[in-house]
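Enquirer: generate coordinates for the sequence data below:
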Amino acid sequence: GVLGLRFAPVLGDRRLLALHERRGRREPLVWDPETGEQREIWLRDSGEITADWYDDGRSLLLVRASRGRTYLHHYDLPGGRMSPIDTPHGVIDAATPRPDGSVEYSWSSGAHPPVIRSTNGHIVVSHGGPTAPLSVPVEDLDVEGPGGRIHALVSRPERGSGPFPTVFLLHGGPTSQDDDSFVPQVGAWVDHGFAVVRINYRGSTGYGSAWRDALVGEVGHIELADVAAVRTTMIERGVADPGRLVLAGASWGGYLTLLGLGTQPGMWAAGIATVPIADHLATYREETEALRAYHRALLGGSPEEQPERYARCSPITYVDRVDAPVLILAGENDPRCPIGQIETYVSRLAERDHPHEVYRYDAGHGSLVVSERITQMSAQLDFARKHITPER
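Expert: I've put the predicted structure just below:
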């Protein structure tokens, strides 16, 4: 792939800063579209890289994301010299060079709420209201999976030594990733006595192009194979209690939750699916053309071309095998995961009197209203506590 970022900030300078994937990951290059000259910037260190110009057009700010953390580097174009920029351990969501040569960046970690810092040592922006409470540091976990080494992030309660009731919280996307940034939902689970495991399964970004593009055809089953491998390791290490495991996620993570409850019965004590895909075929019929194109790319064609694959990868195919109680949260006007296909899935649960709850809200694919998000988090905590005892 090739992605254009920004033209040089100097008047009359034709150079374009872009990203390429010639070596199996995103790396920057500087390209003059008139002369055709290209200059690739290569880092020995692992991870995905993006970049931005300094104001003089003579230097680049390189932003490297590796294993859920972010690192900054200064690159001098005339001399080809690269030097690291000291920043705290965690995740940088955005970084911008300033005219004085400093860099301002938005930073957080699993334990510390977001703040906007500067490399000159100052806090740039601090809101006047109360700050979020601190949470727990994130621990790294590496597991050998069926498709290669899987990186997971673990947050565990400060009290007790385990095994803990554990939430396997699956990210959406699928081309996204979990990292060491501050996530209030994770803090809420930990505060209520649950360990949280977040898995960068195959299809996640941040681990190279091949890992990101590994979802070919058998979507859902590929990711859940990685989840199962991490689950086994967490139980073997005494962190997760095998009888008190919650599978949860939103969007693509919600889809994986419903699919996992049906294809891995007995592995999960409860499931919480937020704005999920329950039926690929029904979703395809209702979604926008852009999302249909993405569906065709993931599943190798349209429902007419791949009917068996659409069925095999759909949670509704396995709904009668679900044996854990289910909570589904759904937006009334969701264009990505339409409410109709969720209603059909819920009706199948109701036909056999399977324990389930549905929380519907008046919005689309998620809500930006803080009070609504708090209510949804409360509903998830109440559901989990109803079916899983935090302490034994």
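
Enquirer: packing partners of the helix or strand bottoming out on mean pLDDT in the chain?
Expert: Within the chain, no helix or strand scores below strand 123-125, which has a mean of 81 by mean pLDDT, DSSP states H and E. With contacts taken as 3 or more Cβ pairs under 8 Å, 6 or more residues apart in numbering; DSSP states H and E, strand 123-125 sits against strand 115-118. Backbone N, C-alpha and C define where each C-beta goes, glycine included.

Enquirer: strands paired with the strand it packs on, and their directions?
Expert: For strand 115-118, the paired strands and their directions (DSSP bridges) read strand 103-108 (antiparallel), strand 123-125 (antiparallel).

Enquirer: residues in contact with it?
Expert: Applying Cβ atoms under 8 Å, 6 or more residues apart in numbering, the external contacts of strand 115-118 come out as 87-88, 98, 102-108, 123-126.

Enquirer: and if you look at stretch 179-189?
Expert: Stretch 179-189 is contacted from outside by 65, 68-70, 89-91, 93, 108-114, 132-133, 135-136, 138, 153, 155, 167, 169, 196, 198, 206, 377, 381, using Cβ under 8 Å, 6+ apart.

Enquirer: kindly export the top helix by length along the chain (C-alpha atoms) in CSV.
Expert: Once the chain is assigned using DSSP state H, the helix that runs over the most residues is helix 370-387. Output in CSV follows, covering the C-alpha atoms of helix 370-387 (Å, rounded to 0.1, in the frame of the first residue of the first chain):
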residue,chain,number,x,y,z
VAL,A,370,-21.0,10.4,28.3
SER,A,371,-24.0,9.6,30.5
GLU,A,372,-25.1,7.0,28.0
ARG,A,373,-21.7,5.4,27.9
ILE,A,374,-21.7,5.2,31.7
THR,A,375,-25.2,3.6,31.7
GLN,A,376,-24.0,1.0,29.2
MET,A,377,-20.9,0.2,31.3
SER,A,378,-23.1,-0.2,34.4
ALA,A,379,-25.4,-2.6,32.5
GLN,A,380,-22.4,-4.7,31.5
LEU,A,381,-21.0,-4.8,35.1
ASP,A,382,-24.4,-5.6,36.5
PHE,A,383,-24.9,-8.4,34.0
ALA,A,384,-21.5,-9.9,34.7
ARG,A,385,-22.0,-9.8,38.5
LYS,A,386,-25.3,-11.5,38.1
HIS,A,387,-23.8,-14.5,36.4
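
Enquirer: count of neighbours near the residue nearest to A228 when sequence neighbours are not counted?
Expert: Setting aside the residues directly before and after it, A228 is nearest to Q264 in space (Cβ to Cβ, 6 or more residues apart in numbering), at 6.6 Å. A count of neighbours around Q264, defined by other Cβ atoms under 10 Å, yields 18.

Enquirer: now E34: closest residue in space, sequence neighbours ignored.
Expert: R14 (5.5 Å).

Enquirer: wait, what's in contact with that neighbour?
Expert: Contacts for R14 (Cβ under 8 Å, 6+ apart) come out as F7, A8, D32, P33, E34.

Enquirer: could you rerun that using 7 Å?
Expert: By Cβ atoms under 7 Å, 6 or more residues apart in numbering, the residues touching R14 are D32, P33, E34.

Enquirer: re the thing from before, point out the most buried one among the strands paired with strand 115-118.
Expert: Per-stretch averages of neighbours, counted by mean count of other Cβ atoms under 10 Å, single out strand 103-108 among the strands paired with strand 115-118, with a mean of 20.

Enquirer: need the nearest residue in space to P88, chain neighbours excluded.
Expert: Distances taken as Cβ to Cβ, 6+ apart put W107 closest to P88, at 6.3 Å, once the chain neighbours are dropped.

Enquirer: my error: substitute R81 in the last question.
Expert: In space, not counting the residues next to it along the chain, R81 is nearest to Y75; the distance is 7.5 Å by Cβ to Cβ, 6+ apart.

Enquirer: what residues does the helix or strand hosting that neighbour touch?
Expert: Y75 is part of strand 69-76, with elements assigned from DSSP states H and E. Contacts made with strand 69-76 from outside it, assessed by Cβ under 7 Å, 6+ apart, are listed as 41, 59-64, 82-85, 87, 89-92, 95, 103, 179-180.

Enquirer: where along the stretch 51-200 of the chain do the strands fall?
Expert: All strands of the stretch 51-200 of the chain, identified by DSSP state E, counting those that start in this stretch, fall at 59-66, 69-76, 81-85, 91-97, 103-108, 115-118, 123-125, 139-145, 148-155, 164-170, 195-200.
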